[in-house]
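Asker: Got a predicted structure here, sequence first:
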Amino acid sequence: MKAIALENPGRDYRLELAEISKPRPGTGEILIKVAAAGINRADILQAQGAYPPPPGAPQTLGLEVSGHVAEAGVNAGNYQVGDAVCALLGGGGYAEYALAPAECVLPLPSSLDLIDAAALPEALFTAWTNIAETGRLKPGETLLVHGGAS
């Protein structure tokens, strides 16, 4: 499959079109046929050599994508081939296909454009983790958001 490969990470980095192996979903993973990928600060920092990918993550840039389910691994939820989704990844989104943990994949309503949806996962999962999981905000409680950018 085609992917955008990072060459010479650092000040003089280059992004080049490359041919890489198409990943296969393992247990709890979804293979997504990528329609669009977001560009994040972390991608830029990784290209500049200032932010290494997590251990075991693909070397291909791209932390968030939208597209359609191409294949689902065992225990990967109720996703069906063809479902429109967006996902947060450890990397690998700048490619024709990307793997995502099923718990980091969200179904998309038909009213949401795939290009717009590609920009959701990083901000959405960050907000959800901080508000619902870490902060444990409950119905009736108030949340003050005094900044929304990094």
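Answerer: Arrived safely, thanks for sending.
Asker: State the number of residues packed around residue 133.
Answerer: Residue 133 sits with 10 neighbouring residues when counted by other C-beta atoms under 10 Å. Heads up, the C-betas are built off the backbone N, CA and C, glycines and all.
Asker: In three-state terms, label residue 30 for me.
Answerer: Secondary structure for residue 30, judged by DSSP: H, G, I helix; E, B strand; the rest coil, is strand.
Asker: What distance do you get for it to residue 140?
Answerer: Spatial separation of residue 30 from residue 140 under the definition C-beta to C-beta, to the nearest Å is 35 Å.
Asker: Neighbour count: the two, which is higher?
Answerer: With other C-beta under 10 Å as the criterion, residue 30 and residue 140 differ in neighbour count, and residue 30 comes out ahead with 24 against 5.
Asker: Report the beta-bridge partners for the more buried one.
Answerer: When bridges are taken as DSSP bridges, the partners of residue 30 come out as residue 72, residue 100.
Asker: OK, contacts around it?
Answerer: Going by C-beta atoms under 8 Å, 6 or more residues apart in numbering, residue 30 touches 69, 71-73, 76-77, 79, 85, 87, 99-102, 105.
Asker: residue ranges of the strands in this structure, please?
Answerer: For the chain, strands defined by DSSP state E occupy the ranges 2-7, 14-19, 29-37, 64-72, 84-88, 97-101, 105-107.
Asker: who wins for proximity to residue 132 among these?
Answerer: Between residue 132 and those, the tightest spacing by C-beta to C-beta is seen for strand 105-107, at 13.9 Å.
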